[in-house]
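Student: A predicted structure for the sequence below; I have some questions about it.
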Amino acid sequence: MAIRRICKYGEKVLEKKTRKVDFAALKKDLPALLDDMFETMDAVGGAGLAANQIGLDLRLAVIKIQREGEEPLSIVIINPELVERSGSLYEDEGCLSFPGLFAKVRRAAKVKVRALNEKGLPIEINAEGLFAKALQHEMDHLDGVVFISRLPLLSRLKLKPALMKLKAQWKKVDESKMKPARL
């Protein structure tokens with residue numbers, strides 16, 4: 001297992017729709033990749049991580065939700081499709097590719113998602129609240145959409161100075177030794 005470098009806002013890989021996963025071709029490498037993704041997400045306290053956030057052009061993501069008084073719910077979604085949505089949430093949202101930045105984003109309160117799990121089996125997920133929000137956020141990543149794109153224009157304009165400041169901080173970090181892995 002290894003902690004992977006998380007791509008930051010401004011990197012082109014975050015703006016590109018990911019390619020569908022050929023499960024049979026990835027099956028051998030998938031357990032190690034998923035271990036790395038969960039370890040990376042856990043190391044920075046995230047609730048979800050899409051493959052393109054670690055530089056991989058793959059339509060897959062991991063999510064771990066901690067519900068009060070329960071064991072964490074860890075889930076893998078491969079080639080997910082949003083098939084139903086209802087209701088509305090308007091809550092603060094952050095992103096591992098935008099460390100330290102939070103903004104109120106409107107999302108569906110309930111969703112139904114179809115995907116493959118880590119064994120390549122079809123699954124259907126009915127989620128609400130934080131779990132629904134995490135699914136939508138990660139699926140947006142897989143479509144090349146970052147969460148600030150969901151904000152009204154005025155809100156995005158107000159965030160511009162904060163984004164420029166964050167980008168300057170990120171550039172100071174020596175990332176020459178932490179290149180995204182390729183499969």
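Tutor: Thanks, I have the structure now.

Student: What ranges does the protein have for its helices?
Tutor: With DSSP state H, the ranges of helices along the chain come out as 23-26, 30-43, 129-142, 153-172.

Student: In this structure, where is pLDDT below threshold?
Tutor: 171-183 (pLDDT under 70).

Student: Now do the strands in it.
Tutor: With strands called from DSSP state E, the chain shows them at 48-50, 60-65, 73-86, 89-94, 102-107, 110-116, 122-128.

Student: wait, Gly100 sits on Leu166?
Tutor: Yes - with contact defined as C-beta atoms under 8 Å, Gly100 reaches Leu166; the gap is 6.5 Å. Every C-beta, even on glycine, is put in place using the N, C-alpha and C of the backbone.

Student: before we move on, the earlier item: looking at the helices of the chain, which is nearest to Arg67?
Tutor: helix 129-142 (8.2 Å; C-beta to C-beta).

Student: what helices or strands is the closest one leaning on?
Tutor: On a contact count with 3 or more C-beta pairs under 8 Å, 6 or more residues apart in numbering; DSSP states H and E, helix 129-142 meets strand 48-50, strand 60-65, strand 73-86, strand 89-94, strand 102-107, strand 110-116.

Student: Gly100 and Leu166: which is more packed in?
Tutor: It is Leu166, of Gly100 and Leu166, that has more neighbours when counted by other C-beta atoms under 10 Å, with 18 against 9.

Student: what residues are up against the more buried one?
Tutor: Lys8, Tyr9, Phe98, Pro99, Gly100, Leu101 (C-beta atoms under 8 Å, 6 or more residues apart in numbering).

Student: Quick check: the third one touching Gly10?
Tutor: Right, the one you point to is Phe98. No - assessed by C-beta under 8 Å, Phe98 is found out of contact with Gly10, at 10.0 Å.

Student: more neighbours, those two?
Tutor: Shown here are Phe98 and Gly10; by other C-beta under 10 Å, Phe98 has more neighbours (22 against 15).
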